[in-house]
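Asker: What would the 3D arrangement of this be:
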Amino acid sequence: MKKKTLALVMVLLVMVSAFAACSKGEGNSSSNSQQSSSSQQSQSSQQSSSESSPAGQADVDLQAIVDKINEEIGIAMPTEMDEEMLVQAFNLNADDFEEAVALGTMINTKVNNVVVVKAKEGKADAVKESLEEKLAQLTQTFETYLQDQYEIAKAGKVVVNGDYVALLVLEDVVGEGAKTPAQAVAAAEQIFMDATSAK
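Answerer: This next block holds a predicted model:
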């Protein structure tokens with residue numbers, strides 16, 4: 001049973017990586033072009049979310065959170081994941097969240113993932129549980145695969161702030177390892193908490 005689960009997780013990782021690579025068109029993986037398209041998506045999602053937000057509730061720009069984490073900590077060869085991919089690969093139920101933004105890596109031997117989700121009212125625990133399941137799968141997969149990535153997965157964390165939930169599995173790409181994986185996750189958590197805390 002354990003081997004079957006491990007095989008399934010590996011197949012999912014390869015499928016996500018392949019799909020992400022194919023969806024990039026000509027394979028342009030530069031972070032500047034991704035950030036540009038990210039900003040455009042972020043603006044349109046901000047406009048739609050501001051129409052549905054109750055009066056007085058501050059909008060949180062999920063794309064800006066993910067972009068800042070990528071700028072300050074980094075992900076090797078980053079690739080965006082759409083909500084359909086998140087539902088399939090990250091155990092998320094589409095009925096549990098309003099918006100989700102994610103950045104993974106195109107390198108299938110890396111475990112790096114940042115997923116930031118705005119849960120529907122009362123659904124933050126369900127989203128947290130789904131992302132914790134994914135983190136456990138990643139940790140189990142890399143335990144017998146690549147030891148350095150296993151250590152990164154072990155340092156990964158799911159954090160919650162109100163209706164906002166994040167999966168943070170990171171290594172210090174920008175600082176070339178100056179931070180340990182735990183320190184990289186802590187820095188990303190601080191960015192997430194600062195952005196999602198009530199002002």
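
Asker: Please make it C-alpha for all contacts and neighbour counts, starting now.
Answerer: Fine.

Asker: May I have the secondary structure class of Ala166?
Answerer: strand (DSSP: H, G, I helix; E, B strand; the rest coil).

Asker: Could I get the full set of strands for this protein?
Answerer: Along the chain, the segments classed as strands by DSSP state E run 78-81, 97-105, 113-119, 157-161, 164-169.

Asker: Next, the angle from the fourth one to strand 164-169.
Answerer: Counting by axes from the mean of the first three to the mean of the last three CA atoms, to 10 degrees, strand 157-161 lies at 160 degrees to strand 164-169.

Asker: how about the strands of the chain in CSV, adding mean pLDDT, distance to Ala64 and mean neighbour count?
Answerer: Shown next, in CSV, are the strands of the chain (pLDDT from 0 to 100; distance: least, CA to CA, whole Å; neighbours: other CA atoms under 10 Å):
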stretch, mean pLDDT, distance to Ala64, mean neighbour count
strand 78-81, 93, 13, 22
strand 97-105, 94, 10, 21
strand 113-119, 97, 10, 24
strand 157-161, 98, 16, 19
strand 164-169, 98, 13, 26
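
Asker: Could you point out which of those strands sits nearest Lys179?
Answerer: strand 164-169 (13.3 Å; CA to CA).

Asker: For that closest one, which helices and strands make contact with it?
Answerer: Counting contacts by 3 or more CA pairs under 8 Å, 6 or more residues apart in numbering; DSSP states H and E, strand 164-169 is packed against strand 113-119, helix 124-143, helix 147-155, strand 157-161, helix 181-196.
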